[in-house]
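>>> I'd like to go over a predicted model; first the sequence, then the structure.
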Amino acid sequence: WLASSSLFPLSCIHTSTSLQKSGKWEKKNRIVYPPQLPGEPRRPAEIYHCRREIKYSKDKMWYLAKLIKGMSIDQALAQLEFNDKKGAKVIKEVLLEAQEIAVRNHNVEFKSNLHIAESMTGRGRYMKRIRYHGKGMFGIMKIVRCHYFVKLVEGPPPPPEPPRTGFDQAKEYVQQLRSRTLVNTL
Amino acid sequence: VESVLRPAGAAPACLVVPVRTKKRFSVPEWARELSPEEKEKRLRSLGTVFPEERIERTFYLACTADIIDPYIPPEGDARLTSLSKDGLKQKVEKLKQTAVSQLAVRKVKDHDPDFSTKTFPEKAQEIFIEAHNCLANFNKQKLHSLVTERCYPEMVRGNRYKTIRWSFVESLEPPRVVHVRCDSIVNRGNLYGQVTVRMHTRQILAIYDRFGRLMYGGEQVAKDVLEYVVFERYLVNPYGAWRMHGKIVPEWAPPKEPIVK
């Protein structure tokens, strides 16, 4: 059987290439924190997961990512299951994969105890193709792909921020007025 | 390079590029029915030379794949005393097993004159402690020299993103050699020696997961551990060293499911 360095001296020795370029989001799963002292509160587990080069537009995917943002994972899965968009199916698969990884590798006890802290979309590699119109006219069509990133954190979802009322705004205005000082005087 | 379309005289000297057209093979009728020997004769007569291409990559077996003839520890080893009836039965069975072990010990002493069943257990315990310390500190190079290649993945699997704290408190009983086997694999005379050492010790183990949370064990809890550790050495190699090869799990004490916190 042949060894990896081939017969002829001119051909290159490094015949294998890496299958995946390791992106920053995947590397975030590799940090190891030092052990906690017994008195400290338990640090919540964070799991980063992503899927690259999804055949969908990043703007259309953004609507789904924004829908999911603060929800617990069960609620998010339920919403995506009954959503009609194409990206909903993809995001649901990504969330299920991330849940599996969390339970298996990252010592998460309850798979429903996760909530979505961050969910973002990014632009993938675009390809340009010719779109044929009538009368010999053509347009350049972009074949659009996107990436989807999600960060799951252990624990119940944080309570939503109460909306800013007029009363809060008035209080802040009065506070600003009170904190004025005279400058460059005795 | 000559071809029919470009005779040597007509081609300019600077444009000698070895371009080859698509080779289309067609075997003429008289050559189709020849046997391979006649074909070789014809080719040799034409003067083509075949380069000798036999790239062989040698690999070196530094350890066996499994424990030869695993030692079956007597039931309730650490729980019975030698004063009861069951304890005496155990001792009798132990004496029967030592015949094969004695032969193996003699074979080992042929290759390694320094080996002795009295001094070896202490060295074995030192190797054991050092190997576990290297595991805790992720000192891979030293760990490879203390542990065979079969044992290394068993020890290291799943530990990459975890922090392990291990410490050895004390040894409750002096370790002793229980079982010796000597065997050769692939060729005769390719000897590997395996020695089983019984250790009853107290250890502290705490494993923290990726986020620093305690997963198994505890830093203040010392547990009594009875282990049968197998050490192996490649006897024929004069520079071989005794390395940890694996542990024997007795059937009457299966490993319990660890309590995840």
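Arrived safely, thanks for sending.
>>> anything in stretch B:60-75 sitting right up against chain A?
No - contact of stretch B:60-75 with chain A (C-beta under 8 Å from any C-beta of the partner chain) is absent, the minimum separation being 15.4 Å. Every residue, glycine included, has its C-beta placed from N, CA and C.
>>> Give me the phi and psi for residue A:112.
Here the main-chain torsion angles of residue A:112 (degrees, to the nearest 10) amount to phi -90, psi -10.
>>> nearest residue to it other than its sequence neighbours?
On the basis of C-beta to C-beta, 6 or more residues apart in numbering or on different chains, the spatially nearest residue to residue A:112 that is not a chain neighbour turns out to be residue A:74, at 5.5 Å.
>>> Assumed that neighbour was part of a strand.
No - applying DSSP: H, G, I helix; E, B strand; the rest coil, one finds residue A:74 to be helix, outside a strand.
>>> Please list the residues of chain B that sit near chain A.
Within chain B, the residues that sit near chain A (C-beta under 8 Å from any C-beta) are B:53, B:55, B:57, B:161-163, B:165, B:206, B:208-215, B:260.
>>> out of those, which are inside strands?
Judged by DSSP state E, strands contain the following of the residues of chain B next to chain A: B:163, B:165, B:206, B:208, B:214-215.
>>> Tabulate these (JSON lines), appending pLDDT and neighbour count.
Output for these, formatted as JSON lines (pLDDT from 0 to 100; neighbours: other C-beta atoms under 10 Å in any protein chain shown):
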{"residue": "B:163", "pLDDT": "86", "neighbour count": "19"}
{"residue": "B:165", "pLDDT": "87", "neighbour count": "15"}
{"residue": "B:206", "pLDDT": "87", "neighbour count": "19"}
{"residue": "B:208", "pLDDT": "87", "neighbour count": "22"}
{"residue": "B:214", "pLDDT": "83", "neighbour count": "19"}
{"residue": "B:215", "pLDDT": "81", "neighbour count": "17"}
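>>> ok, of those residues, which one's closest to chain A?
Compare each of those with chain A using C-beta to the nearest C-beta and the shortest gap goes to residue B:208, at 4.1 Å.
>>> Report the beta-bridge partner residues of that closest one.
residue B:163, residue B:214 (DSSP bridges).
>>> Tell me which stretches of the stretch 101-250 of chain B form helices.
Assignment of helices within the stretch 101-250 of chain B using DSSP state H, counting those that start in this stretch yields the ranges B:120-137, B:140-146, B:151-156.
>>> surely the residue nearest to residue A:112 meets residue A:111?
No - in this structure, residue A:74 is not within contact of residue A:111 by C-beta atoms under 8 Å, at 9.2 Å.
>>> Tell me which two of the ones in strands among the residues of chain B next to chain A sit farthest apart.
For these, with distances taken as C-beta to C-beta, the pair at the greatest spread is B:165 and B:215 (11.3 Å).
>>> what sits in contact with each of those two?
Taking C-beta atoms under 8 Å, 6 or more residues apart in numbering or on different chains as the contact criterion, the common neighbours of residue B:165 and residue B:215 are B:207-208.
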